[in-house]
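S.K.: Could you work out the structure for the sequence below:
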Amino acid sequence: MREATRLTRAGQLAEATLLLQRMLRGESPPDATWRTGRIAPAGRQPPILDAVANTIEGTDGPRPARATPVRPRMFGELFDRTRQRSPLGLRGVSRRAPPSTPDMVPEGARFIEGTYSISAGSRAYRLFIPSRYQGQPLPLVVMLHGCTQSPEDFAAGTRMNFIAEEQTCFVVYPAQHGQANQAKCWNWFRKADQQRGRGEPSLIAGITRQIMRDYSVDPKRVYVGGLSAGAAAAAVMGATYNDVYAAIGIHSGLACGAAIDLPSAFVAMRQGGGSDANAIPGDGTPVPTIVFHGDRDVTVHPSNGDQILEQLVKTTSTEKKAHRGRVPGGHAYTRTIHTDASGRGIFEHWNIHGAGHAWSGGSPAGSYTDPRGPDATREMLRFFLEHSLSNQPG
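M.R.: Numbering: from 1, shown residues only. Below is the predicted model of the structure:
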């Protein structure tokens, strides 16, 4: 692990990643290779993303019920966009046409572009404005895409805009810049991007506040959710800006503090986060949280979903109830609800049986979706709207 950390700090990310892959497989790399750095170049600096050392071989067709593990591959091969296969095992990004407007936006609504800039950087975003908006205060949902995705792709895959149209909500999709991360992943694993007022949290919070200034937003009903790297970033936002977000949604993600650098990110994704993930950063007040995770996820280990809930319930007295169900023709699931003393559900965990690393119940119009449900979009927005800053647990 020390050698992997040294390689990371030296900027030799490909070498550090390969070393970590070998370690997790129980192999011993030749010392001379690591000391000299004589590893075949990947052609570009490897992205640090939700598909690190992915062990699913996917196709463009429907996902089989059981994932087939294969030998982990280097980043250059994993993200070669000329390949027809998806590195995440479900409908991937290779040679995908951009989603059409009807796939992203209900008729009569708007989906506009914007940009936010501060000293920490600049990020573009897309904002969904429901057709019934006439200046009245509305809830706002911030949606953070996964690696290799775009706001348009994420909107099409989750269909959040269509559910938000039903409920009359704004939805904003910040876009990660390729210069910040080559695979357009939110840098959830970097210490500098886990702090209030710094790095990417300051940019995401800034976009949120810009929308709140430019439109009539109910300040007590602002929420943030995401998928994979975006879900881990949403966990960071809930921990660092719990005065802004009334609830958070984490789909196939990790707890805030699960990793602080590349080596610990790799281990957290494969095995679960370290001890730092057991403490809630900031003032220690947990934000109401809904978690979705497939129990066949080999990209982000399912134990990370459990760890998020463990982190939250440590500081809050709750009662737990589990409900089991199955989507007709789709996945079975276990839904665990943690209620406070008043009987209100404040934490919720959906363990989706047989699902991998993909948005549950999503549309094939977007990447990394599993249409066999349950409908994470509808359930996430339902959970969000049950909470406001005025009724958070204290």
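S.K.: domain parsing for this structure?
M.R.: 2-78, 103-391 (automatic domain parsing).
S.K.: Compare those domains and say which comes out lowest on pLDDT.
M.R.: Among the domains of the chain, domain 2-78 has the lowest mean pLDDT, at a mean of 41.
S.K.: Need the domains of the chain in CSV (columns: distance to residue 97).
M.R.: Any C-beta I mention is one placed from the backbone N, CA and C, and that applies to glycine too. What follows is the domains of the chain, written out as CSV (distance: least, Cβ to Cβ, whole Å):
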stretch, distance to residue 97
domain 2-78, 12
domain 103-391, 10
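S.K.: so which of these is the most packed in?
M.R.: domain 103-391 (a mean of 21; mean count of other Cβ atoms under 10 Å).
S.K.: Check the offset of that one from the chain's centre.
M.R.: Centroid displacement of domain 103-391 relative to its chain, using Cα atoms, centre = their mean, to the nearest Å, is 6 Å.
S.K.: what about the strands in the protein?
M.R.: 110-118, 121-129, 138-144, 170-174, 217-227, 247-251, 289-294, 319-326, 332-339, 345-353, 359-360, 369-370 (DSSP state E).
S.K.: neighbouring strands for the third one, and are they parallel or not?
M.R.: Each strand that strand 138-144 pairs with, and the sense of that pairing, follows from DSSP bridges: strand 170-174 (parallel), strand 217-227 (parallel).
S.K.: Measure how the first one sits relative to strand 121-129, angle-wise.
M.R.: Orientation note: strand 170-174 sits at an angle of 150 degrees relative to strand 121-129 (axes from the mean of the first three to the mean of the last three Cα atoms, to 10 degrees).
S.K.: could I get the helix of greatest length in the chain in CSV with only the CA atoms?
M.R.: Longest helix in the chain, counting residues (DSSP state H): helix 199-214. Presented in CSV, the C-alpha positions along helix 199-214 are these (Å, rounded to 0.1, in the frame of the first residue of the first chain):
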residue,chain,number,x,y,z
GLY,A,199,-12.9,22.3,-4.7
GLU,A,200,-15.8,20.5,-6.2
PRO,A,201,-18.2,20.8,-3.2
SER,A,202,-17.9,24.6,-3.6
LEU,A,203,-18.7,24.3,-7.3
ILE,A,204,-21.8,22.1,-6.8
ALA,A,205,-23.0,24.2,-3.9
GLY,A,206,-22.4,27.3,-6.0
ILE,A,207,-24.5,26.0,-8.9
THR,A,208,-27.2,25.1,-6.4
ARG,A,209,-27.2,28.6,-5.0
GLN,A,210,-27.1,30.2,-8.4
ILE,A,211,-30.3,28.4,-9.4
MET,A,212,-31.8,29.5,-6.1
ARG,A,213,-31.0,33.1,-6.9
ASP,A,214,-32.1,33.0,-10.5
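S.K.: thinking again about what came up before, for the strands paired with strand 138-144, which one sits closest to residue 183?
M.R.: Each of the strands paired with strand 138-144 has some distance to residue 183 by Cβ to Cβ; the shortest is strand 217-227, at 13.7 Å.
S.K.: picking up where we left off before, which one of the strands of the chain lies closest to residue 389?
M.R.: strand 217-227 (4.3 Å).
S.K.: Need the CA coordinates for that closest one. CSV is fine.
M.R.: The C-alpha coordinates for strand 217-227 follow below in CSV (Å, rounded to 0.1, in the frame of the first residue of the first chain):
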residue,chain,number,x,y,z
VAL,A,217,-36.8,27.9,-5.3
ASP,A,218,-38.1,26.8,-1.9
PRO,A,219,-34.9,27.0,0.2
LYS,A,220,-36.2,24.3,2.6
ARG,A,221,-36.7,21.8,-0.2
VAL,A,222,-33.4,21.4,-1.9
TYR,A,223,-31.9,17.9,-2.5
VAL,A,224,-28.9,16.2,-4.0
GLY,A,225,-28.6,12.7,-5.5
GLY,A,226,-26.3,10.8,-7.8
LEU,A,227,-25.0,7.6,-9.3
